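Chemist: One predicted model, sequence on top.
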Amino acid sequence: MKFFIILGYLILEILLFARSSAAASCTINAYNEDDIKNAVQSCTDIIINGINVPAGVVLNLNLAEGTKLIFQGTITWEFYEWDGPLVNITGTNIEITGAPNHVLDAKGSLWWDGKGGGGGKIKPIFFVAHGLKNSVISNITIKNTPNHAIWIEDSDGVVAQDVYIDSKDGDTMGGHNTDGFNVWRSNNVRIQRINVYNQDDCIAIKSGTNVIVTDSYCSGGHGLSIGSVGGRDYNIVENVLVSNTDIVESGNGIRIKTVYGATGSVTNVTYENISLKDITNFGIVIEGDYNITNGSPTGVATDGVPIKKFYLRNVTGTVKETGVNIYILVKKASEWQWSNVSVTGGKKTKQCDGIPEGSGISCS
């Protein structure tokens, strides 16, 4: 009798294990809010396969710890004027990846009107990684975002790698403010081996600590940016390394912009082994006069967001004749060291002001 009781328990455990294993993997082949909620609650391997997300809807994925999320096929979003985001992902120890030949097609041309976030149609942010902890985003292909492509916000321990963002259609179809990556209020972020074709910042670190960007390629946008820093609820950028990256045919190469009249800090930032090619406006531009309201410089720097411990090493390349090689307008900056910086080709000049003594910097 005892044998059969034990055997019964074993069979029950096997059945429960089988049911648990079966429930651990889910595939979503069509958008259904209830199906997605059930998958998020019960599965740790989720495939989003070729779905079309309705207008005005967030693909909201608050994933269980340890979930692997795979995007498969072509995922699309319907048009609606709103702020978005179109995708929001949260979780701990999450792996987000794409199957071969997948694409997240945001159909940005439906929103593009040449005005970006400054007017015209209201354009949603595409993909927000919100509150991700110790997670990896890899092998993702994104096409034609209406607005910013990826925000990493309120996150800690995130690696984004082998991400391909292609909004180059916006060059001729009115794309604007199509940032590649934005980092905000996050710690321990590593962005590597990304390719971005767009019409705004390739990467913009607006606030955060311990951020690494490396081995990447930026084309057509506004370059590798810190900022704008100031005027938000968290205004600290600290311990940033940007290295081994090419910036091609972009408006700017390296840029730091802090907000006029605001407070905050930019500390311990290094750019090294950066190659610039055919930059149109500024090869290197460091400004403390950014007007966060209208997105333009004021021409007068303020000192509420000082830039300290700023290092450039092995930054070389070309600016078009109509551009400026180096422009600096800051206040109370300190401990800058530049070495082997050679940016040439621009025939326009702007008078620099606020360069720390002994930094080895020349604007000529």
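Modeler: Perfect, I can see it now.
Chemist: how near is residue 29 to residue 74?
Modeler: The gap separating residue 29 from residue 74 is 13 Å, by C-beta to C-beta, to the nearest Å. (Each C-beta comes from the backbone N, C-alpha and C, glycine too.)
Chemist: can you list residues touching both of these two?
Modeler: residue 50 (C-beta atoms under 8 Å, 6 or more residues apart in numbering).
Chemist: More neighbours: these two, which one.
Modeler: More neighbours surround residue 74 than the other of residue 29 and residue 74, with 16 against 13 (other C-beta atoms under 10 Å).
Chemist: got a pLDDT number for the closest residue to residue 99 other than its chain neighbours?
Modeler: What sits nearest to residue 99 in space, not counting adjacent residues and going by C-beta to C-beta, 6 or more residues apart in numbering, is residue 72, at 4.1 Å. In this model, residue 72 is scored at 98, pLDDT.
Chemist: So residue 72 versus residue 104, what's the distance?
Modeler: Counting by C-beta to C-beta, the gap from residue 72 to residue 104 is 11 Å.
Chemist: Which neighbours do the two have in common?
Modeler: Counting by C-beta under 8 Å, 6+ apart, the contacts common to residue 72 and residue 104 are residue 98.
Chemist: neighbour count winner among these two?
Modeler: Taking other C-beta under 10 Å, residue 72 and residue 104 do not tie; residue 104 has more neighbours (24 against 19).
Chemist: For that one, name its beta-bridge partners.
Modeler: residue 75, residue 142 (DSSP bridges).
Chemist: Let me see the contact set for it.
Modeler: 71, 75, 87, 98, 126-127, 140-143.
Chemist: now the strands: where do they sit in the stretch 201-350 of the chain?
Modeler: 203-205, 208-219, 224-229, 236-248, 252-259, 265-279, 282-291, 296-297, 307-319, 324-329, 334-344 (DSSP state E, counting those that start in this stretch).
Chemist: and the shortest one, which strands flank it?
Modeler: As defined by DSSP bridges, the strand partners of strand 296-297 come to strand 282-291 (antiparallel).
Chemist: For residue 24, give its distance to residue 65.
Modeler: Residue 24 is 13 Å from residue 65, by C-beta to C-beta.
Chemist: before we move on, back to that, now, which of the contacts of residue 104 sits nearest residue 298?
Modeler: The closest of the contacts of residue 104 to residue 298 turns out to be residue 126 (C-beta to C-beta; 30.5 Å).
Chemist: burial measure for that closest one, as a count.
Modeler: 26.
Chemist: With residue 93 instead?
Modeler: 16.
Chemist: swap in residue 221?
Modeler: 29.
Chemist: What number of residues are in the vicinity of the residue lying closest to it once chain neighbours are set aside?
Modeler: Spatial nearest neighbour of residue 221, chain neighbours left out: residue 198 (4.4 Å); criterion: C-beta to C-beta, 6+ apart. Using other C-beta under 10 Å, residue 198 has 28 neighbouring residues.
Chemist: Would you mind measuring from residue 198 to residue 165?
Modeler: Per C-beta to C-beta, residue 198 is found 7 Å from residue 165.
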